[in-house]
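J.: Below are the sequence and a predicted model; questions follow.
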Amino acid sequence: MVFKKIEVLMKKLLLLAVLLSSYAHSSVTTIMCIGDSLTWGATANGTPAPGGYRDQLCLALFACYQQVQFVGPLNDNSSETLINRKSTGHAGYRGYRIDELCACLDGPNPYPGNKGYWFTVSNFNPDIILLMAGTNDILQGKGVANAVNDMDIMIAKIYKLRPKSTVLLAQIPPIFGSVASQVVEFNNAIFNFEFKYLARGMKIQVVDECRPLLPFSKEFADAVHPSLLVYNLMALHWLPETLLAIWQRS
C-alpha cells in the first residue's frame with residue numbers, strides 16, 4: 001500500500017514536470033540547503049546517503065530542464081550527481097540547533113574550525129533557501145517554544161540579509177518515540193510563519209516533510225535518521241515548491 005502511494009506520487013510529479021518543462025528558467029538558479037544531519041545525509045547505520053535529499057532533488061530539477069547550482073560553505077558527503085552538476089555546496093551541519101545555524105548567517109560558527117559568516121564574509125546570495133531545522137532542538141531538550149522562537153528569529157534574519165531570496169521552510173521529519181508529539185507541535189507552530197512573512201511581502205512557502213513520511217517508521221532505524229529511500233522521498237516533497245520558486249523568478 002505504501003509503495004503504491006509512492007508510485008502515484010511519482011506519476012503526479014512526472015506529469016507536473018512534463019506540463020511545465022517549457023517554463024525552464026534561462027539563468028542559473030542558486031539554491032542553498034540549510035539544516036542539520038538530515039540536510040547532510042546521515043543514516044542510522046553510520047553509512048551516509050551521498051548527498052541526502054539533495055542528490056535526487058538536483059537530478060529531478062535538471063530533468064525538468066532547470067539550470068540550478070547548489071551552494072554553501074560545505075562540500076562534503078556529495079554524490080556523483082552533485083559533483084557532475086557542480087552542486088556540492090550545502091550548509092548541512094550535523095548536530096546543529098536552529099540558533100547555531102542562525103548565528104552562522106552573519107557571525108562566527110559556534111564550533112571552531114567550521115565556517116561562519118555565510119551571508120557576509122562568504123557572501124552566499126542564494127535565490128532559494130531550503131531550510132529544515134529543529135530536530136536537534138527537540139532532541140537536545142531545548143523545548144518547542146524556544147525552538148519556534150529561534151526559527152522566527154532565523155527567518156527574520158535571513159530576510160534582513162537576503163530580502164530577495166525565497167525561503168522554503170520544511171516541517172521537520174518525524175522523530176519516532178517519546179518526543180513525537182513535540183515534532184507535531186513544532187511543525188504546527190512554524191506553519192504559521194508562512195502567513196506571517198507573506199503578509200510582510202516576503203517570499204516563503206512551508207513544505208511538509210513530516211506527515212508523508214509517517215508510514216515509513218521502519219526506515220528510521222534509530223527513530224531519527226532515515227534510509228536512502230526516505231531521503232529520495234524527501235526530495236520528491238521538495239521538488240514542486242522548488243520548481244514553483246524557480247518559475248516565479250521569471
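T.: In hand now; what should we look at?
J.: roughly how far out does stretch 40-56 sit from the chain middle?
T.: Stretch 40-56 sits 13 Å away from the centroid of its parent chain (Cα atoms, centre = their mean, to the nearest Å).
J.: how about the strands in the protein?
T.: All strands of the chain, identified by DSSP state E, fall at 29-35, 68-71, 91-92, 128-132, 166-171, 204-208.
J.: In the first one, which residues are buried?
T.: Same thing as strand 29-35. Under the neighbour-count criterion of 16 or more other Cβ atoms under 10 Å, strand 29-35 has 29, 30, 31, 32, 33, 34, 35 buried. Any C-beta I mention is one placed from the backbone N, CA and C, and that applies to glycine too.
J.: can these go into JSON lines with extra columns for pLDDT and distance to residue 117?
T.: As requested, the buried residues of strand 29-35 are arranged in JSON lines below (pLDDT from 0 to 100; distance: Cβ to Cβ, whole Å):
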{"residue": "29", "pLDDT": "96", "distance to residue 117": "23"}
{"residue": "30", "pLDDT": "97", "distance to residue 117": "18"}
{"residue": "31", "pLDDT": "98", "distance to residue 117": "20"}
{"residue": "32", "pLDDT": "98", "distance to residue 117": "14"}
{"residue": "33", "pLDDT": "98", "distance to residue 117": "18"}
{"residue": "34", "pLDDT": "99", "distance to residue 117": "14"}
{"residue": "35", "pLDDT": "98", "distance to residue 117": "18"}
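J.: What does the residue lying closest to residue 58 once chain neighbours are set aside show for phi and psi?
T.: Spatial nearest neighbour of residue 58, chain neighbours left out: residue 87 (5.2 Å); criterion: Cβ to Cβ, 6 or more residues apart in numbering. Main-chain torsions, residue 87, degrees, to the nearest 10: phi -130, psi 40.
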